[in-house]
Structure formats: structure tokens, C-alpha cells
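# Let's see this in three dimensions:
(2 chains)
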Amino acid sequence: MIVYIDKEFKCHVNPADGLTPAEDPFFDGKCDAFIEGHRLVPSGETWVRGDGKVFAGRMIAPWKPSDELDNAQRAYEKQLLAEYEAALENSVPVSELEAAYQEGVNSAYD
Amino acid sequence: MNENVILNFIGGGGGGTSLNFEVIPNPQPAAAKENTIWVDTNEPIASWIFSFTEPETPSEGMVWITTGTASPVAFNSLKKNCMMVYPMSAKQYVGGAWVYKTAKSYRNGAWVDWVTYFYKDGNTFDDLTGGYFSTNINTQYGAGTVTFETNKISLVCDGAAETVVRTKSKVDLSNTKTLNLKLHAKVVSAESRTGYLEFCVTENAITGYAQDIGSGVKFTHEYSAGTDGDFTESLDVSSITGSKYIFVSWRTGYRIVDAYLDILEIGGQ
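Model prediction:
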């Protein structure tokens, strides 16, 4: 998953001027709110926290409360699951597909 | 964390005649009375509270000293009788929000850092960590080993292999701002191969580097051939709420490398 980081190493899901792309599997399958609540410090770079503590990359850490981000991710996964279930319910049975195909084949010889 | 030890202990700035300690802001004096708590803040300390849980009615300038069940700066807070307090971290209510502050205690003639250890000098602090899970993943090109020695956890990759150490239980990091891993790394390779460290706090009980950590914090670093020294790697866990596993992985991807990692300390501040 490619994310875009700003000067404070905060992640964004969309590219924009001043943002640097970075890729990490940590963000695979994660929702926008989860991603944009994280900071990614690339390898070879350092981030200085407000209290002066220096952190070296490569580090991925939340800058928003992690429970808030976890809740957003769970809601996203729940929504995805509901969409999959709805798609399954609305899907055409294989027997109907086979019948339609056969009908099409037969019509070619009518 | 054992919630039976919740202690709500409220006071004004400084200390009191029956109390065996003081809470002071900047400037930090070179020396102070035993058990003096210095908080690295330029804001006046209007009041203070010792509590496991967040104060319900904070006020500007209040210092909240979070408490737990173990602390290197535990002390008797009373001059008479005994009420033990186990400080873990300090926050101050500034501008309507809690802000982490560095704090130290004056003990036996020196300022002592507030560190909650999860591993140190062979002690695995099982009451906090549940002990440590370890595993090694071997390949046809190499083998890994994990050994719990008297003063360190030794992870060795002889050729292409992976070794893993993780707390058996989730560790409460709600009141921890920084997690530090002190280690010694040594990488021997004739072909400039590297040793690869992952240091994480994870939601999932992972057993290998490539697995989904769920949510948490992930630090990765490659130690190049010729490395032989002590290092401290740090995770920013200031926005972690609740409990996570602490995970360390040491691996090599190539045959022609011998890589050694000694875990010396894991501590939170």
C-alpha cells in the first residue's frame, strides 16, 4: 500500500504537492481514517517529538489515539463484510447462469 | 494492570507536613530531599493527583501521576505509617488537554528516571508481561536460536534464519510514552549481508516478521556487516491506548552471515 507523508511524517491516502510517497504492507487493507491517523518515519530519517525525544526510522506509529483508529478500522471491515454478504445474496445462482447460457446457445441455432 | 491498586491521592503544589515527598516543576535542582518528584514543566503545578485512572475533574496546571503495581521509584508517601505509591508516568493538564511530561525522583543522592521495565538483567517481569514466548524459524541454509541467559536474551541467526521473542501477555501501555529496547548487535558476514531487526507493539500475537501486526507501532532497522555495538531503539507509543504485545524479531535473509542480537533491556517511560 502506497501512502503519502508530509513534513511531520503524517500519512495521507492521496498524493498532493509536498507529500512523499512511501510503501508499507502495514497499511494493506486498512481504511483511510486508520492510515491518516498514523505517522511513517522513513529509514534514514528522524522525527523529533514535541518533548525533544528523537525517533529514528523506519517507524510507523499512530499519532491519533489507537483505540479511535482501531474502531474506525473495525467499522470499515464490518461495512465491507456487509457489502460482501449483500453481493452474495443478490448473486445469480449458477443453475440460472447455465440455463441462460444454454438458452443463448440454442438461440444461435434457431 | 491490577485495578485493585487504584489510588487517588490529591494535593496542592509542593508537598505537605505529613507527606514524605514533594512535586516540583522546573528548574530541576542539582539535589533535593529524598522522594522529591521533579516534573519537567515550565507551567506552574497548581495541584497534583496520583491515580491509575484519568482524573474526572482536571484543572489547568494539574499534574496527574499515573500509578501502577511496580515502579523503580516506588516510595512510602507518608512520614508516619505506610502508603506505598508506584509512579509510572506524569502528565499535566495544559490548555485543556493532558500533556506527557518527563519526571524523575530524587533517591539516594541522585535523580532516577521513571522507567517501567519489561525485561532487565534476566528479569522477565512476568507479572507485567506474562513471561516471554520465543521461537526460531530455520531454513535449509541456516538455523536460529533463542536463549534466555542470566543477564540477556540472546538471539542468534547462523545463516538464513529468523528468531522471535514476544511477551506472552498484552502489556498495558496506556500510561507509557516511549518504549526503549537496549541491545547489542553483531553482524559477521564476508559478503556485506545484514541482520534485520523488527521491534513492535502489536495487537495480534504474531510469531514472525511478515505477519500482520494488526495495529500498534512498528520499527525496522538493518544492521550492516561489521556492526558490533550497543544500541537503543525507541518506539513512540504516546498514542497507544490499552494493551499490546511487545515483539522483537531478528533475522537474516542470506546464508553467508552470522548475526547476533542480545536484548539487554526493554523499558517504558
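
# Which residues are in contact with residue B:258?
Residue B:258 makes contact with B:156, B:157, B:158, B:159, B:187, B:188, B:189, according to C-beta atoms under 8 Å, 6 or more residues apart in numbering or on different chains. Just so you know, the C-beta spots here come from the backbone N, C-alpha and C atoms, and that holds for glycine as well.

# For it, give me phi and psi.
The phi and psi torsions at residue B:258 (degrees, to the nearest 10) take the values phi -120, psi 120.

# distance of it from residue B:227?
Noted for residue B:258: a distance of 12 Å to residue B:227, by C-beta to C-beta, to the nearest Å.

# got any residues that touch both of these two?
Here residue B:258 and residue B:227 have residue B:187 as joint contacts, going by C-beta under 8 Å, 6+ apart.

# Can you name the residues of the stretch 1-150 of chain B sitting close to chain A?
Counting by C-beta under 8 Å from any C-beta of the partner chain, the stretch 1-150 of chain B comes close to chain A at B:40, B:100, B:101, B:102.

# Nearest spatial neighbour of the second one, chain-adjacent residues omitted?
Okay, so that is residue B:100. Setting aside the residues directly before and after it, residue B:100 is nearest to residue B:177 in space (C-beta to C-beta, 6 or more residues apart in numbering or on different chains), at 4.6 Å.

# And the last one, by the same measure?
Counting by C-beta to C-beta, 6+ apart, residue B:102 lies nearest to residue B:40, which is 4.1 Å off, once chain neighbours are set aside.

# May I have the residues that are in contact with whichever residue of the stretch 51-200 of chain B sits closest to chain A?
Nearest to chain A, among the residues of the stretch 51-200 of chain B, is residue B:178, at 6.1 Å (C-beta to the nearest C-beta). By C-beta under 8 Å, 6+ apart, the residues touching residue B:178 are A:53, B:234, B:235, B:236, B:237, B:238, B:268, B:269.

# In CSV, list the residues you listed along with pLDDT and secondary structure.
What follows is those, written out as CSV (pLDDT from 0 to 100; DSSP: H, G, I helix; E, B strand; the rest coil):
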residue, pLDDT, secondary structure
A:53, 89, coil
B:234, 97, strand
B:235, 97, strand
B:236, 97, strand
B:237, 96, coil
B:238, 93, coil
B:268, 93, strand
B:269, 87, coil
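
# Quick check: residue B:237 touching residue A:61?
Yes - between residue B:237 and residue A:61 there is a contact under C-beta atoms under 8 Å: 7.2 Å.

# So which bits of chain A are right by chain B?
Neighbours of chain B within chain A, by C-beta under 8 Å from any C-beta: A:26, A:28, A:34, A:39, A:43, A:47, A:49, A:51, A:53, A:55-56, A:58-67, A:69-70, A:73.

# Now the buried members of those.
Taking 16 or more other C-beta atoms under 10 Å in any protein chain shown as the criterion, what is buried in the residues of chain A next to chain B is A:26, A:34, A:39, A:47, A:49, A:53, A:55-56, A:58-64, A:66, A:69-70, A:73.

# From those residues, which land in strands?
Of those, the ones assigned to strands by DSSP state E are A:39, A:47, A:55, A:56, A:59, A:60, A:61, A:62.

# Could you single out the nearest of the residues you listed to residue B:165?
residue A:59 (19.1 Å; C-beta to C-beta).

# beta partners for the closest one?
Beta-bridge partners for residue A:59, by DSSP bridges, are residue A:41, residue B:219.

# Restrict stretch B:58-69 to CA atoms and write it as CSV.
Extracted as CSV, the C-alpha positions of stretch B:58-69 are listed here (Å, rounded to 0.1, in the frame of the first residue of the first chain):
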residue,chain,number,x,y,z
PRO,B,58,-9.0,18.2,35.8
SER,B,59,-8.0,21.8,36.2
GLU,B,60,-5.3,23.9,34.5
GLY,B,61,-1.9,23.1,35.7
MET,B,62,-2.8,19.9,37.5
VAL,B,63,-0.2,17.2,37.4
TRP,B,64,-1.5,13.6,37.1
ILE,B,65,1.0,11.0,38.2
THR,B,66,-0.2,7.7,36.9
THR,B,67,0.2,4.7,39.2
GLY,B,68,0.7,1.0,38.7
THR,B,69,1.8,-2.1,40.6
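
# Compute the mean per-residue pLDDT across that stretch, please.
If you average the pLDDT over stretch B:58-69, you get 91.

# cool, stretch B:105-117 as well?
92.

# list the buried ones in that stretch?
Judged by neighbour count using 16+ other C-beta under 10 Å, the buried positions of stretch B:105-117 are B:105, B:106, B:111, B:114, B:115, B:116, B:117.

# Leaving out sequence neighbours, find the closest residue to the fourth one.
By that I understand residue B:114. What sits nearest to residue B:114 in space, not counting adjacent residues and going by C-beta to C-beta, 6+ apart, is residue B:103, at 5.3 Å.

# And the residue nearest the centre of chain A?
residue A:30 (3.5 Å; C-alpha atoms, centre = their mean).

# Closest one of the ones in strands among the buried ones among the residues of chain A next to chain B to residue B:60?
Closest approach between those and residue B:60, by C-beta to C-beta: residue A:62, at 26.9 Å.

# distance of that closest one from residue B:168?
24 Å.

# Helices along chain B, start to end?
In chain B, the helices defined using DSSP state H lie at B:126-129.

# next one: chain A
With DSSP H as the criterion, chain A has helices at A:32-35, A:66-90, A:94-108.

# follow-up on the earlier one: switch the contacts of residue B:178 over to CSV; also include distance to residue B:53.
Formatted as CSV, the contacts of residue B:178 follow (distance: C-beta to C-beta, whole Å):
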residue, distance to residue B:53
A:53, 25
B:234, 27
B:235, 24
B:236, 23
B:237, 19
B:238, 18
B:268, 18
B:269, 20
